[in-house]
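Enquirer: No letters, just coordinates:
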Ligand SMILES: CC(C)(COP(=O)(O)OP(=O)(O)OC[C@H]1O[C@@H](n2cnc3c(N)ncnc32)[C@H](O)[C@@H]1O)[C@@H](O)C(=O)NCCC(=O)NCCS
Ligand SMILES: Nc1ncnc2c1ncn2[C@@H]1O[C@H](COP(=O)(O)OP(=O)(O)OP(=O)(O)O)[C@@H](O)[C@H]1O
């Protein structure tokens, strides 16, 4: 099951976009709907809300007076925290029941207004943001929902700001234009990314490799993408293992192939083998392989690559004290600190890439030629950065 987290500020169009995703075959778990279920007449939560906010939040028949609760709860951050403290555990339990019901679904979209505020993004394979600037949302809420300006503004101030949401999500769906444009963007996202991601996840197939070309870092957000991938992997593996961003995309300012390299540190290769099925569920199928250390020398590792066609990631699962781990770290730190070495390495990459392309062959052959042609440089660097690995 591909788990998608969908969020956006109040009035951004989450319901509008989630309905579009449902039309494309996704199953929806709606947090606002669940929030209503847990306060239906007879639920124990109603009494607790009345205790916390006063009897005026209940109608005379005992049901919830929603505008009265909104007025009491969004008045300041302390009251909102009290509301959340009461509501969120009940919402969480009911949500788990909904997900269990849809265990066989291929794509489940979880629409959660407070996905970023509650730090829930790492629990999903992909996080979508329905993005509309706060002032446009405020206007829409007043125009089309007849919402009071002060109520809308109070809720906006209780939520994350637009930039914080953008930094936490993987995909931004701009809904500031006409709905038809959003609909077309959602259809493209489904075809180019969500459907193939779901199919790859189900079959344990990695997404196509990144193109053999160097991308300008100004056109990418590699540090942000790596941090989001690391948080998902850490969360999905019980926060047990250290995971580091390595390789060219971890060096600010260095053009690179558009693939993020991460290394996950395990105590030994048995742990790597045991971890492999879990990583596959998280969207990173893999196999046992080895790092080439030069001459005849190799070192065992597991190599995983991700299933999301929208973001290539290679995940090297290495033992914590391995030469591979130490070299990747030291080489990254050298390139960050030493601009001269960074320029030399970039020149080498450009030359070898041009040579590999000139030699021709399939894409796979050219990739191998390129990788092998950099080996002597890496060997020389390893002598310098991890000298004890030659003992
Ligand atoms: C206070 C309540 C009764 C007001 O009901 P009302 O019908 O006016 O609003 P509704 O539930 O339709 O929510 C509309 C929007 O308000 C915003 N909102 C709701 N709760 C919160 C909150 N705790 N913090 C910030 N924004 C919120 C969201 O953007 C949501 O989509 C209701 O919002 C509620 O029960 N909130 C607590 C549950 C919750 O946190 N829901 C958010 C999803 S986890
Ligand atoms: N692209 C758009 N242009 C104009 N109005 C829109 C657009 N998308 C949605 N709307 C309108 O804006 C309002 C908010 O949309 P919607 O209910 O989908 O948002 P939401 O994020 O689910 O809101 P909430 O946070 O309250 O749950 C609705 O009245 C909707 O019809």
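Expert: Sure thing, it's come through. Computed from a predicted model, the values in this text were never measured in an experiment. Ligands and ions are numbered 1, 2, ... in the order given.

Enquirer: Please, where are all the strands along this protein?
Expert: With DSSP state E as the criterion, the chain has strands at 2-7, 27-30, 107-111, 126-131, 171-174, 243-246, 260-266, 286-292, 298-305, 313-319.

Enquirer: How far away from the center of its chain is the fifth one?
Expert: It stands for strand 171-174. 13 Å (CA atoms, centre = their mean, to the nearest Å).

Enquirer: Does it reach ligand 2?
Expert: No. Counting by CB under 6 Å from any ligand atom, ligand 2 has no neighbours in strand 171-174; the shortest distance is 9.2 Å. Using the backbone N, CA and C atoms, a C-beta is placed for each residue, glycine as well.

Enquirer: how about the residues of this structure that lie near ligand 1?
Expert: Counting by CB under 6 Å from any ligand atom, the chain sits next to ligand 1 at 10, 31-32, 35, 66, 69-70, 73, 80, 83-84, 87, 91, 112-114, 155, 158-159.

Enquirer: From the residues you listed, keep the buried residues only.
Expert: Those of those that meet the buried threshold are 10, 31, 35, 69-70, 73, 80, 83-84, 87, 91, 112-114, 155, 158-159, by 16 or more other CB atoms under 10 Å.

Enquirer: What parts of this protein come near ligand 2?
Expert: Neighbours of ligand 2 within the chain, by CB under 6 Å from any ligand atom: 8, 10-16, 32, 113, 140, 144-145, 175, 178-179, 182.

Enquirer: let's see 8 Å
Expert: Residues of the chain lying near ligand 2 by CB under 8 Å from any ligand atom: 8-19, 32, 111, 113, 130, 132, 137, 140-141, 143-145, 175-179, 181-182.

Enquirer: Mind checking which of the residues you listed are buried?
Expert: Buried residues within these, counting neighbours by 16+ other CB under 10 Å: 8-15, 17-18, 111, 113, 130, 132, 137, 140-141, 175, 182.

Enquirer: any chance you could map the helices in the stretch 151-300 of the chain?
Expert: Per DSSP state H, counting those that start in this stretch, the stretch 151-300 of the chain carries helices over the ranges 162-168, 179-189, 195-203, 222-236, 269-281.

Enquirer: could the ones you listed be laid out in TSV, adding distance to residue 263 and mean pLDDT?
Expert: Compiled in TSV, the helices of the stretch 151-300 of the chain are given as follows (distance: least, CB to CB, whole Å; pLDDT from 0 to 100):
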stretch	distance to residue 263	mean pLDDT
helix 162-168	23	97
helix 179-189	30	98
helix 195-203	22	98
helix 222-236	10	98
helix 269-281	11	98
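
Enquirer: Keep only those of the residues of the chain next to ligand 2 that are in helices.
Expert: Counted as lying in helices by DSSP state H, out of the residues of the chain next to ligand 2, are 14-19, 32, 137, 140-141, 143-145, 179, 181-182.

Enquirer: and these, which two are the farthest apart?
Expert: Comparing all pairs in these by CB to CB, the longest separation belongs to 32 and 181, at 24.5 Å.

Enquirer: The residue in the stretch 201-350 of the chain positioned nearest to ligand 1: what's it in contact with?
Expert: In the stretch 201-350 of the chain, no residue comes nearer to ligand 1 than residue 235, which is 18.5 Å away by CB to the nearest ligand atom. Residues in contact with residue 235, defined by CB atoms under 8 Å, 6 or more residues apart in numbering, are 122, 123.

Enquirer: same question, residue 370
Expert: So residue 370 contacts 212, 352, 353, 356 (CB under 8 Å, 6+ apart).

Enquirer: Now it. Nearest residue, chain neighbours left out?
Expert: residue 356 (4.0 Å; CB to CB, 6 or more residues apart in numbering).

Enquirer: same thing with residue 208?
Expert: Spatial nearest neighbour of residue 208, excluding adjacent residues (CB to CB, 6+ apart): residue 309 at 6.5 Å.

Enquirer: Against residue 221, how distant is residue 100?
Expert: Computed as CB to CB, to the nearest Å, the residue 100 to residue 221 distance reads 35 Å.

Enquirer: between those two, who's got more neighbours?
Expert: Just comparing residue 100 and residue 221: by other CB atoms under 10 Å the higher neighbour count belongs to residue 221, 12 against 8.

Enquirer: that older thread, how about the strands of the chain in TSV, adding mean pLDDT and distance to residue 186?
Expert: Formatted as TSV, the strands of the chain follow (pLDDT from 0 to 100; distance: least, CB to CB, whole Å):
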stretch	mean pLDDT	distance to residue 186
strand 2-7	98	11
strand 27-30	98	13
strand 107-111	98	11
strand 126-131	98	9
strand 171-174	98	7
strand 243-246	98	30
strand 260-266	98	25
strand 286-292	92	31
strand 298-305	94	27
strand 313-319	98	24
